[in-house]
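1. Give me a 3D structure for the following:
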Amino acid sequence: MFADRRDGFIEGSSSPRVFLEERLERIAAREPDVKAFVHLDLDAARAAADASSQRYREGRPLSPIDGMPLGIKDVFDTRDLPTEMGSPFHLGRRAEHDAAHVYAARAAGAFVLGKTVTSMFAIVGAGPTRNPLDLSRSPGATSAGSAAAAAAGMVPVATGSQARGSILRPASYCGVYGFKPTYGALNRAGTLTPGKSYDHLGALAQSLDDLWLLLWEVAQRAGGDPGYPGLFGQAEPPSPRPPARIALIETAGWSEATDEAKAALLSYADDLRSRGVRVVTRADDEDLARYEDLLQQVTGHWETISHYETLWPMQSYRDRDPTKLSAPILRGIENGERITPAAYRASLTWRETLRRAHAELSGRFDLLATLSATGAAPTFPQPGSSTFNELATLIGVPALSAPLLAAEGLPLGLQLIGFRDRDYALLEYARSLQPIAP
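-> Residues are numbered from 1 along each chain as shown. Sure thing, here's the model as predicted:
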């Protein structure tokens with residue numbers, strides 16, 4: 001979407017201001033029904049687009065994302081728009097500084113068009129956002145506003161966060177790419193992170209090129225989390241790189257998936273085999289079968305780690321006014337208070353076991369593939385199940401939801417799971433994969 005227009009910006013046949021006005025037309029037409037944004041600043045966006053247009057006219061754009069309008073999930077601090085986190089505790093709250101990735105994006109010439117809707121504290125529940133592909137359907141969970149804004153063409157890219165499935169699942173429901181990089185690859189400073197050891201920063205977009213360009217330029221300016229090496233790759237968007245061997249996994253989500261979703265995945269696997277890709281399942285490989293057995297325990301350990309790590313500051317909010325917290329958050333606090341340090345340590349130890357088992361697959365498979373969601377987008381306001389997304393989140397490996405499958409006449413994401421710090425390779429493989437011709 002955006003990357004395809006840059007030649008026009010450089011040649012002078014178009015401009016970031018023209019591109020922005022096209023997005024604003026989409027917003028005017030769709031936002032009253034979709035409700036993807038909680039705050040917009042059109043005047044500031046126009047001023048930023050004009051400044052970018054002038055840089056292109058002078059032949060000095062700041063980067064390949066100069067002039068890119070962004071949706072920023074409303075858990076990330078922005079100095080010029082409120083950051084309310086979907087919570088009545090923070091109505092009207094304004095941060096003094098941008099989150100690290102927002103600062104970096106602005107330094108590269110991108111600008112904030114608006115803050116996208118999130119559920120309360122980006123933990124659980126649904127906001128007002130509707131699925132732009134079918135307004136009677138859900139757009140997913142906590143990054144729903146970002147997914148809907150990207151799917152409706154309101155912005156080329158919107159940032160999101162994932163502590164369970166809040167990038168991959170909304171991407172699947174809304175038919176866009178959703179990418180969760182390796183844990184720690186992007187700087188989360190200035191971000192509400194409910195799960196410190198597993199919460200990820202990522203993005204959602206219609207175009208894989210736009211998604212990568214944003215994350216790469218951000219990473220060059222803000223790096224990764226302290227103590228982590230940052231995002232690996234290169235500046236150019238990934239070119240197609242066909243995978244040779246794929247592990248097709250079921251995970252614990254298989255029992256929840258609809259028959260149509262399962263059939264779509266298995267049909268896609270058969271299509272890959274017909275193209276010469278070696279697709280391996282637990283029935284073909286004893287090591288993969290043992291790995292699948294481990295995956296049946298992911299949900300329980302994710303819940304132990306999650307409930308324990310989110311106790312602060314949720315306990316503090318509850319003590320201030322429990323009526324301002326949702327029932328699921330209150331239940332989560334109660335669950336967390338029952339978890340002992342020993343139980344938390346045991347789950348951390350188990351997570352390391354799973355990480356090692358996953359890493360051992362890297363020498364045998366290019367990537368793992370499964371569903372991004374249990375089926376098509378459910379009826380609004382149901383957020384859907386994250387069970388297929390817990391694996392990549394818990395162990396911190398890169399994962400992408402690619403809009404390659406379908407169910408109930410709606411998009412269904414194919415989830416591609418890679419190996420630590422091989423984010424760019426995962427997107428190269430994704431570029432080589434195409435939907436099955438109808």
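
2. Find me the pLDDT at A437, would you?
-> In the predicted model, A437 carries a pLDDT score of 62.

3. got the CA positions of the helix or strand L404 falls within in CSV?
-> Assigned by DSSP states H and E, L404 belongs to strand 399-407. Presented in CSV, the C-alpha positions along strand 399-407 are these (Å, rounded to 0.1, in the frame of the first residue of the first chain):
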residue,chain,number,x,y,z
ALA,A,399,5.2,-15.6,14.4
LEU,A,400,3.2,-14.3,11.5
SER,A,401,-0.4,-14.6,10.6
ALA,A,402,-0.7,-14.6,6.9
PRO,A,403,-4.2,-14.2,5.2
LEU,A,404,-3.9,-17.4,3.1
LEU,A,405,-6.9,-19.5,4.3
ALA,A,406,-10.6,-19.0,4.5
ALA,A,407,-13.6,-20.3,6.5
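
4. ok, residues contacting it?
-> In this structure, residues lying in contact with strand 399-407 by C-beta atoms under 8 Å, 6 or more residues apart in numbering are 167-169, 171-172, 175-180, 258, 260-261, 264-265, 268, 371-372, 375-376, 389, 392-393, 411-418, 426-427, 430, 433-436. Bear in mind the C-beta positions are built from the backbone N, C-alpha and C, glycine included.

5. Direction included, what does whichever helix or strand comes after that strand pair against?
-> Toward the C-terminal end, the helix or strand that comes next after strand 399-407 (DSSP H and E) is strand 410-417. With DSSP bridges as the criterion, the sheet partners recorded for strand 410-417 are strand 367-371 (antiparallel), strand 399-407 (antiparallel).

6. per-residue confidence averaged over strand 410-417?
-> Looking at strand 410-417 alone, the average pLDDT works out to 98.

7. Distance from stretch 197-216 to the middle of the chain?
-> In terms of C-alpha atoms, centre = their mean, to the nearest Å, the centre of stretch 197-216 is found 7 Å from the chain centre.

8. what does stretch 276-284 give?
-> With C-alpha atoms, centre = their mean as the basis, the mean position of stretch 276-284 lies at 27 Å from the chain mean.

9. what's the average pLDDT for that stretch?
-> Model confidence over stretch 276-284, given as mean pLDDT, is 97.

10. Local confidence estimate at the residue lying closest to I329 once chain neighbours are set aside?
-> Sequence neighbours aside, I123 is the residue nearest to I329 in space, at 5.8 Å (criterion: C-beta to C-beta, 6 or more residues apart in numbering). We have a pLDDT of 89 for I123.

11. cool, the one 3 residues further on as well?
-> Looking at A126, its pLDDT is 73.

12. so it sits right up against P383, yeah?
-> Yes - between A126 and P383 a contact is recorded at 5.2 Å, counting by C-beta atoms under 8 Å.

13. Which of the two has more residues huddled nearby?
-> Remark: of A126 and P383, P383 carries more neighbours, 24 against 19, as counted by other C-beta atoms under 10 Å.

14. Give me the pLDDT value at the residue of the chain positioned farthest from its centre.
-> Residue farthest from the centre of the chain, counting by C-alpha atoms, centre = their mean, is E58 at 35.1 Å. Residue-level confidence at E58 comes out at 98, pLDDT.

15. just the one 5 residues further on next, same as before
-> In this model, S63 is scored at 98, pLDDT.

16. so it makes contact with V218?
-> No - the pair S63 and V218 does not pass the contact test of C-beta under 8 Å, sitting 10.1 Å apart.

17. Give me the common contacts of these two.
-> Taking C-beta under 8 Å, 6+ apart as the criterion, S63 and V218 both touch A108.

18. When these two are compared, which one has more neighbours?
-> V218 (26 against 19).

19. residues in contact with the more buried one?
-> Taking C-beta under 8 Å, 6+ apart as the definition of contact, the neighbours of V218 are H101, A104, A105, A108, L186, N187.

20. between those residues, which is closest to M154?
-> Among these, A105 lies closest to M154 (C-beta to C-beta), at 16.8 Å.

21. For the closest residue to that closest one other than its chain neighbours, give its distance to L70.
-> In space, A105 comes closest to V218 once its chain neighbours are excluded; the distance is 5.5 Å by C-beta to C-beta, 6+ apart. In this structure, V218 and L70 are 10 Å apart, going by C-beta to C-beta, to the nearest Å.

22. With that, I have no additional questions.
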